[in-house]
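Chemist: fold the following.
(one chain, ligands or ions: 2)
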Amino acid sequence: MKAATLLVSALENEGVKQIFGVPGEENLDVVEALRRSAIKLVVTRHEQAAAFMAATHGRLTGEPGVCLSTLGPGALNLTTGAAYALLGAMPMIMITGQKGVLSRRQARFQVVDIVSTMTPLTKMAHQIVSPATIPSIVREAFRVAQQERPGPVHLELPEDIAAEEAPEISPVPRHSIALPVAPSAGLDRAAKLILEAERPLVMLGAAASRPRLADALSNFVKRLQIPFFNTQMGKGAVSGGSGLYMGTAALSERDYVHQAIDRADLIISIGHDTVEKPPFLMGPDGPKVLHVGYLPATVEEVYFPHAELIGDVGPTLALLADRLEGKLPRAGALLPLREQILAHIGERAEESRFPLTPQRIVHDVRQVMPEDGIVCLDNGMYKIWFARNYRTRIANTLLLDNALATMGAGLPSAMMAAILHPTRRVLAACGDGGFMMNSQELETAVRLGLNLVVLILQDNAFGMIRWKQAVDGFPDFGMTFGNPDFVAYAKAYGAKASRVERADGLAPTLEAAFAGGGVHIVAVPVDYSENIRVLVDELRAHAKETKHA
Ligand SMILES: Cc1ncc(C[n+]2csc(CCOP(=O)(O)OP(=O)(O)O)c2C)c(N)n1
Ligand SMILES: [Mg+2]
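Modeler: Ligands and ions are numbered 1, 2, ... in the order given. Purely as a prediction, here's the structure:
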């Protein structure tokens with residue numbers, strides 16, 4: 001047996017079903033071992049997309065996704081995906097090839113020190129130099145990727161090692177790990193803080209979206225009846241219409257939801273990860289913050305909790321709720337603000353202007369998506385609108401990246417969601433800038449026979465940066481571009497396509513696209529004048545009003 005075969009059987013032992021990537025000649029032994037295994041090799045058209053897909057596999061399942069590339073250029077193409085998984089805390093394994101290490105018959109052709117390149121972008125980056133170590137290294141790689149805080153791991157397998165004869169070693173068996181729960185003295189202290197609070201508020205952060213946490217979080221919120229808001233990446237963590245949702249902090253201050261945040265005297269911050277753009281800015285006078293997490297908080301200028309409760313979050317919250325259930329007469333003190341906040345957010349959702357307002361687009365998407373439908377965003381201005389306005393009732397049904405916030409991940413992440421959940425509706429929402437950064441993957445999506453709708457918001461510009469440029473008082477410069485005819489472009493890939501031509505055309509077009517199945521592009525022109533009007537002028541005026549009130 002070759003070392004490459006040993007590697008592949010170790011991956012099978014980890015439950016890997018598919019590997020995404022672009023092979024090179026240095027991976028040929030691995031490719032051959034894959035051909036003979038139960039693992040499917042899914043070829044993508046760019047390594048970056050493979051990494052985004054593998055990371056999203058980790059995000060949605062909690063089990064690391066796996067991607068593969070050759071050495072040098074291919075491995076470098078994985079780096080953005082590595083950073084995406086590192087900042088986003090998504091478990092992922094990257095396997096790259098390398099020239100032989102025992103002899104150098106090609107001198108330094110294509111050789112880049114990828115292990116060093118990957119070191120700051122991963123939790124662990126390692127070159128395999130001996131076949132006998134493969135089973136333990138692979139087991140360790142998956143453990144490291146999966147452990148809190150999850151993230152990417154890189155393994156480099158040089159081609160001569162891959163081709164070496166390997167000893168017959170069994171893979172290292174997997175086992176479950178029992179995590180520690182917060183100690184009872186800490187739980188008592190946290191309970192006391194909450195009992196004393198006059199106006200408590202729960203915040204759900206990025207780690208609240210870990211797949212295994214959904215039930216425990218929902219139970220906690222429902223048992224205590226404390227209203228909650230979430231960060232962008234904490235969206236959906238409380239299931240069902242609890243009536244306690246106060247909003248999403250898509251901006252760091254002055255949004256309507258900040259009325260509740262500013263008025264709270266205690267924020268129970270669950271799973272907040274400071275890779276996210278701050279959901280609120282802590283200052284000397286603001287609310288007290290109790291941090292609940294798998295890991296202690298990282299202290300930042302804008303986040304320095306006053307107390308921390310560390311341990312396996314689900315069981316820790318259950319123990320906390322045992323101490324508090326039925327004893328919090330002031331739990332709902334901030335609830336009276338809810339209706340007004342949500343009403344503001346819902347404004348202009350049905351406006352019939354054309355091009356469409358972002359609010360209308362979000363509203364119409366919500367209408368055609370069932371509760372369990374999954375919307376995957378690329379990065380652009382519309383991310384703020386979706387984060388603020390799109391209501392979620394099931395964990396991980398709005399996948400967005402508020403960590404690396406990279407463009408180009410919308411389509412690949414939606415492809416992964418569609419592969420994992422073939423019976424649910426999946427929609428990628430992309431700007432015309434971000435979509436074109438990985439649009440070549442339309443070919444992969446069509447080849448895989450996915451059911452996927454890709455909504456392209458067309459403003460012929462890098463709208464988000466154009467908005468910031470205007471807000472900062474710079475002249476409008478350097479942000480516009482031309483676009484292909486998206487309908488013709490999609491059709492060239494064998495995908496279906498439609499263009500929305502009137503305000504009331506979006507919902508029926510999306511509905512028909514889902515009903516028809518396959519890969520379907522829907523291009524919709526967007527009117528971004530709302531960005532300044534609502535997110536700057538209106539919120540400033542409102543902030544002034546509430547100050548005077
Ligand atoms: C890879 C990458 N390059 C650049 C940026 C900076 N950036 C953030 S949003 C944005 C504009 C996105 O344009 P588009 O996808 O068309 O979305 P829009 O804002 O126009 O809706 C840019 C350039 C980024 N986040 N990621
Ligand atoms: Mg754009």
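Chemist: for the stretch 251-400 of the chain, just list every one of the strands.
Modeler: 266-270, 288-293, 307-310, 374-377, 398-399 (DSSP state E, counting those that start in this stretch).
Chemist: now for the shortest one, which elements pack on it?
Modeler: Same thing as strand 398-399. helix 47-61, strand 374-377, helix 410-420 (3 or more C-beta pairs under 8 Å, 6 or more residues apart in numbering; DSSP states H and E). Placement of C-beta: from N, CA and C, glycine included.
Chemist: can you do 7 Å?
Modeler: strand 374-377 (3 or more C-beta pairs under 7 Å, 6 or more residues apart in numbering; DSSP states H and E).
Chemist: and if you look at the second one?
Modeler: Taking 3+ C-beta pairs under 7 Å, 6+ apart as contact, the helices and strands that strand 288-293 lies on are strand 266-270, strand 307-310, helix 313-324.
Chemist: enumerate every residue touching D432.
Modeler: Applying C-beta atoms under 7 Å, 6 or more residues apart in numbering, we find D432 in contact with I456, L457, Q458, D459, N460, N483.
Chemist: dump those to JSON lines, plus distance to G431, neighbour count and secondary structure.
Modeler: What follows is these, written out as JSON lines (distance: C-beta to C-beta, whole Å; neighbours: other C-beta atoms under 10 Å; DSSP: H, G, I helix; E, B strand; the rest coil):
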{"residue": "I456", "distance to G431": "7", "neighbour count": "29", "secondary structure": "strand"}
{"residue": "L457", "distance to G431": "5", "neighbour count": "27", "secondary structure": "strand"}
{"residue": "Q458", "distance to G431": "8", "neighbour count": "20", "secondary structure": "strand"}
{"residue": "D459", "distance to G431": "7", "neighbour count": "23", "secondary structure": "coil"}
{"residue": "N460", "distance to G431": "10", "neighbour count": "13", "secondary structure": "coil"}
{"residue": "N483", "distance to G431": "11", "neighbour count": "16", "secondary structure": "coil"}
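Chemist: one step back: just put the strands of the stretch 251-400 of the chain in TSV and tack on mean pLDDT and mean neighbour count.
Modeler: Shown next, in TSV, are the strands of the stretch 251-400 of the chain (pLDDT from 0 to 100; neighbours: other C-beta atoms under 10 Å):
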stretch	mean pLDDT	mean neighbour count
strand 266-270	98	26
strand 288-293	98	24
strand 307-310	97	20
strand 374-377	98	27
strand 398-399	98	26
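Chemist: in CSV: these, plus distance to ligand 1.
Modeler: CSV is the format used below for the strands of the stretch 251-400 of the chain (distance: least, C-beta to the nearest ligand atom, whole Å):
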stretch, distance to ligand 1
strand 266-270, 26
strand 288-293, 27
strand 307-310, 31
strand 374-377, 10
strand 398-399, 16
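Chemist: tabulate those (TSV), appending distance to L335.
Modeler: As requested, those are exported to TSV (distance: least, C-beta to C-beta, whole Å):
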stretch	distance to L335
strand 266-270	15
strand 288-293	19
strand 307-310	24
strand 374-377	28
strand 398-399	24
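Chemist: the residue of the stretch 351-500 of the chain found nearest ligand 2 pairs with what?
Modeler: In the stretch 351-500 of the chain, the residue found nearest to ligand 2 is G431; the distance is 3.8 Å by C-beta to the ion. G431 has these beta-bridge partners by DSSP bridges: L457.
Chemist: residues in contact with it?
Modeler: Counting by C-beta under 7 Å, 6+ apart, the residues that G431 touches are D378, G380, Y382, L457, G463.
Chemist: most neighbours of all the residues you listed, which one?
Modeler: D378 (30 neighbours; other C-beta atoms under 10 Å).
Chemist: burial of P336, as a residue count?
Modeler: Using other C-beta under 10 Å, P336 is surrounded by 10 other residues.
Chemist: H520 in helix, strand or coil?
Modeler: Taken by DSSP: H, G, I helix; E, B strand; the rest coil, the conformation at H520 corresponds to strand.
Chemist: you'd agree it is up against K496?
Modeler: Yes: taking contacts as C-beta atoms under 7 Å, H520 lies within contact range of K496: 4.3 Å.
Chemist: distance of the residue of the stretch 1-150 of the chain found nearest ligand 1 relative to K99?
Modeler: Nearest residue of the stretch 1-150 of the chain to ligand 1: T80, at 7.0 Å (C-beta to the nearest ligand atom). T80 sits at a distance of 23 Å from K99 (criterion: C-beta to C-beta, to the nearest Å).
Chemist: again with R330
Modeler: 66 Å.
Chemist: those two: which is more packed in?
Modeler: Comparing R330 with K99 by neighbour count (other C-beta under 10 Å), the higher total belongs to K99, at 20 against 15.
Chemist: check the secondary structure at the residue of the chain positioned farthest from its centre for me.
Modeler: Centroid-distance maximum for the chain: R105 at 42.4 Å, with C-alpha atoms, centre = their mean. At R105 the chain is in coil, as set by three-state DSSP.
Chemist: can you report phi and psi for it?
Modeler: phi -70, psi -20 (degrees, to the nearest 10).
Chemist: do the same with P227
Modeler: Note on P227: backbone dihedrals following degrees, to the nearest 10 are phi -60, psi 150.
Chemist: count of neighbours near it?
Modeler: Using other C-beta under 10 Å, the number of residues around P227 comes to 26.
Chemist: now do the closest residue to it other than its chain neighbours against ligand 2, distance only.
Modeler: Once flanking residues are discounted, P227 sits nearest to L244: 4.5 Å by C-beta to C-beta, 6 or more residues apart in numbering. The spacing between L244 and ligand 2, counted by C-beta to the ion, to the nearest Å, is 35 Å.
Chemist: ok, now which ones touch L244?
Modeler: L244 neighbours (C-beta under 7 Å, 6+ apart): V221, Q225, P227, F228.
Chemist: before we move on, the earlier item: so for R174, which of the helices and strands packed on strand 288-293 sits nearest?
Modeler: R174 lies closest to helix 313-324 among the helices and strands packed on strand 288-293, at 20.6 Å (C-beta to C-beta).
Chemist: elements contacting that closest one?
Modeler: Helix 313-324 packs on helix 184-196, helix 214-224, strand 288-293, going by 3+ C-beta pairs under 7 Å, 6+ apart.
Chemist: redo that, cut-off 6 Å
Modeler: The contact analysis (3 or more C-beta pairs under 6 Å, 6 or more residues apart in numbering; DSSP states H and E) places helix 313-324 against helix 184-196, helix 214-224.
Chemist: would you map the helices across the stretch 251-400 of the chain?
Modeler: Per DSSP state H, counting those that start in this stretch, the stretch 251-400 of the chain carries helices over the ranges 257-263, 313-324, 338-345, 358-368, 382-389.
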